[in-house]
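Asks: coordinates only, sequence not included:
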């Protein structure tokens, strides 16, 4: 491959990137111009995919971490024929396919939604783990690489420690990361904030580290060859690049390495857009063009890729013919269908904590759902994901025969890894931690929702009943925060997340049924630490299946009730106790379990009115903020909840002191009815 031609392709990427930002009057040209040489080499020589079948499961993946460098990605993919010049001209505009930060679009070559720095390369680690998991089960014929591109900001984000540690610990030699080290960030040079030795840091985590001139085509090629030959470690290529490479002023003076080019158009930054385009070999009158020889280069590359993919697909077809059962299994793994599982056969222990009930389901999953991968942030024996672990083994370097990832203490990283696994495809990712630590995970949960990834979040220790651990570990506002995701719609008009807080062990089985069958959005399960009495029913599992509508009547009065009592989770059994006291005075009540308000609100109006009719007083009980139930209770009643942080004491004492007893339900309802 001619170095001059690959460099010319890089200049073409620089021109298009600068032009996109200039036309939009918004964006980040400098980094895109500096990183162009790496992506030019990667896409013209190394990245293995099928341009005629972009969803091919054995393709190499490229995960962009710094989403602000989207012009570089769009321009590169335009050279590959996946974006038109009109697409680039509409950068950052309404209904454009080229948004300011990339949003997952596999058909065009965008593997991940990136924006918050650090998450993109952590997703790449997750994808690399998924690849190793699948290769272990189906063979080396489906091995492929995961490439990722990180900037100074991504290295600085704390998530890089978790991603770097785990990738090194697991020896992910299928992972290759380019670090665009240009010594410039948005508001300062990097020397204003750090003096760390990045190479030594990654070496300490067990990475193979190569440092090169990041705008030297031959150096990039040599480093990528070495990285592809590495069989023991993930590889970090530190490319010392030039921010705003090629930029000049109106006088023709060099305007490279300027902080101002990071986050604004060249013309606004102090450079001359027209002169820069000319300096890079383009036409300032029409910068939106692909050079003829560059176009020919990428057309030839596309032909090579299609032929190479055909060879690999023929190898897969031969394997499938020889292994029909495995081939059928692989097809199911990558389908969008939920795996078959008979939840009616789950035998729950009555009166169990819902985290324990979840463990019972996970134990059954470990033996029957072969592509599920479960992770925990150093809490598997407490969040009870060890129900799954007891039937499998944890991943180790060189051994991905098990299906459990001990992530260590890194909730955000773990959630991003799950997103990466889901993006890769072929696995069902599940991760667990304490509910209070969902605060650490929120940025990744948000991207799960935005990308519509069916990640399953298991959050235990769901309320102040964590007890003696005190307010630092007792969720209060967390449920309200997470339930906002039920109210927020994704771009397909769905609730962006399914959030379920089951009321007893059987409802937990149903919650997992809902989670497993939800293949279009993330699901959050909010589970108790303490034991909860099962709700009354002759066939409790059959009754609990009504939870699939988000809310349902648990017990009802004869005739119109005087009051409707509603709650989720632990508080439903407290309502039962309160209703018994009310009944002694002839007060008729209906009890409603609301494991998912968002799902309930999605039901037909007739069903909603049947469960919660207007004109009947309503009382809600929640261990979180009253806002959790205020939308359902409305003007007909009141909600009793918490308006402060918790306290350190045994949970039975806290129930009494904070008013979560049948007696207080009785008192609150009496007051409501007398008002």
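Replies: Right, received. Where do you want to start? Computed from a predicted structure; not experimentally measured.
Asks: point out where the stretch 251-400 of the chain drops to low pLDDT.
Replies: The stretch 251-400 of the chain contains no residues with pLDDT under 70.
Asks: strands of that one, start to end?
Replies: For the stretch 251-400 of the chain, the strands defined by DSSP state E, counting those that start in this stretch cover 372-376.
Asks: all helices for it, in order.
Replies: In the stretch 251-400 of the chain, the segments counted as helices under DSSP state H, counting those that start in this stretch are 266-269, 273-279, 292-322, 324-333, 354-368, 386-389.
Asks: OK, contacts around residue 279?
Replies: Taking C-beta atoms under 8 Å, 6 or more residues apart in numbering as the criterion, residue 279 is in contact with 246-248, 252. Bear in mind the C-beta positions are built from the backbone N, C-alpha and C, glycine included.
Asks: what do you get for residue 278?
Replies: By C-beta under 8 Å, 6+ apart, the neighbours of residue 278 are residue 284.
Asks: where in the stretch 551-675 of the chain is pLDDT low?
Replies: Ranges of the stretch 551-675 of the chain meeting pLDDT under 70: none found.
Asks: now the helices for it?
Replies: For the stretch 551-675 of the chain, the helices defined by DSSP H, counting those that start in this stretch cover 571-583, 597-601, 605-611, 627-633, 651-658, 662-674.
Asks: and those: which comes nearest residue 456?
Replies: Checking the helices of the stretch 551-675 of the chain against residue 456 by C-beta to C-beta gives helix 597-601 as the closest, at 15.5 Å.
Asks: so which elements touch the closest one?
Replies: Packing contacts for helix 597-601, counted by 3 or more C-beta pairs under 8 Å, 6 or more residues apart in numbering; DSSP states H and E, involve helix 478-487, strand 498-500, helix 605-611, helix 627-633.
Asks: and those, which is most packed in?
Replies: Using mean count of other C-beta atoms under 10 Å, the stretch among those with the largest mean neighbour count is strand 498-500, at a mean of 26.
Asks: need the contact list for the spatially closest residue to residue 483 that is not a sequence neighbour.
Replies: In this structure, residue 483 finds its nearest non-sequential neighbour in residue 499, 5.4 Å apart by C-beta to C-beta, 6 or more residues apart in numbering. Contacts for residue 499 were tallied using C-beta under 8 Å, 6+ apart; they are 482-483, 485-486, 523-524, 526, 596, 598.
Asks: redo these as CSV? Include distance to residue 507.
Replies: Compiled in CSV, the contacts of residue 499 are given as follows (distance: C-beta to C-beta, whole Å):
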residue, distance to residue 507
482, 18
483, 17
485, 21
486, 17
523, 14
524, 15
526, 12
596, 11
598, 16
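Asks: tell me the one of those nearest residue 113?
Replies: residue 485 (15.6 Å).
Asks: mean confidence for stretch 166-176?
Replies: The average pLDDT within stretch 166-176 is 98.
Asks: quick one: buried residues of that stretch?
Replies: Buried positions in stretch 166-176, judged by neighbour count with 16 or more other C-beta atoms under 10 Å: 166-168, 170-176.
Asks: just those now: which is nearest residue 93?
Replies: Closest approach to residue 93 among these (C-beta to C-beta): residue 176, at 33.5 Å.
Asks: right, and that closest one touches residue 229 too?
Replies: No. Look at residue 176 against residue 229 with C-beta atoms under 8 Å: they stay out of range, at 10.8 Å.
Asks: would you convert the helices of the stretch 251-400 of the chain into TSV that also reports distance to residue 181?
Replies: Shown next, in TSV, are those (distance: least, C-beta to C-beta, whole Å):
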stretch	distance to residue 181
helix 266-269	21
helix 273-279	22
helix 292-322	26
helix 324-333	38
helix 354-368	42
helix 386-389	39
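Asks: so which of those helices is nearest residue 546?
Replies: Of the helices of the stretch 251-400 of the chain, nearest to residue 546 by C-beta to C-beta is helix 354-368, at 17.0 Å.
Asks: elements contacting the closest one?
Replies: Helix 354-368 sits against strand 372-376, helix 386-389, strand 456-460, helix 505-517, with contacts defined as 3+ C-beta pairs under 8 Å, 6+ apart.
Asks: who's in contact with the second one?
Replies: Which is helix 386-389. 358-363, 365-366, 372, 374, 376, 380, 403-404, 430.
Asks: for the stretch 101-250 of the chain, just list every one of the strands.
Replies: With DSSP E, counting those that start in this stretch as the criterion, the stretch 101-250 of the chain has strands at 146-151, 175-181, 208-213, 235-240.
Asks: and the third one, which strands flank it?
Replies: The strands that strand 208-213 pairs with in its sheet are strand 235-240 (parallel) (by DSSP bridges).
Asks: starting at the chain centroid, how far to the partner strand?
Replies: Put simply, strand 235-240 sits 26 Å off its chain's centre (C-alpha atoms, centre = their mean, to the nearest Å).
Asks: next, the angle strand 175-181 makes with that strand.
Replies: 20 degrees (axes from the mean of the first three to the mean of the last three C-alpha atoms, to 10 degrees).
Asks: hmm, who's touching strand 235-240?
Replies: Under the criterion C-beta under 8 Å, 6+ apart, residues 35, 38, 173, 175-182, 198-199, 202, 207-215, 220, 223-224, 226-227 lie in contact with strand 235-240.
Asks: recalculate using a threshold of 6 Å.
Replies: By C-beta atoms under 6 Å, 6 or more residues apart in numbering, the surrounding residues in contact with strand 235-240 are 38, 176-179, 181, 202, 207-214, 223, 227.
Asks: ditto for stretch 589-605
Replies: The contact list for stretch 589-605 (C-beta under 6 Å, 6+ apart) reads 486, 495, 499-503, 547, 549-551, 553-557, 561, 563-566, 568, 572, 575, 579, 582, 611.
Asks: again, only using 7 Å
Replies: Identification of contacts with stretch 589-605 by C-beta atoms under 7 Å, 6 or more residues apart in numbering yields 483, 486-487, 495, 498-503, 507, 511, 547, 549-557, 561-568, 572, 575-576, 579, 582, 608, 611-612, 631-632.
Asks: then stretch 198-209?
Replies: Residues outside stretch 198-209 that contact it (C-beta under 7 Å, 6+ apart): 155, 164-165, 168-169, 171, 179, 211, 230, 233-236, 238.
Asks: again, 10 Å this time
Replies: 152, 155-156, 160-161, 163-173, 175-177, 179, 181, 190, 197, 210-211, 226-227, 229-238, 397 (C-beta atoms under 10 Å, 6 or more residues apart in numbering).
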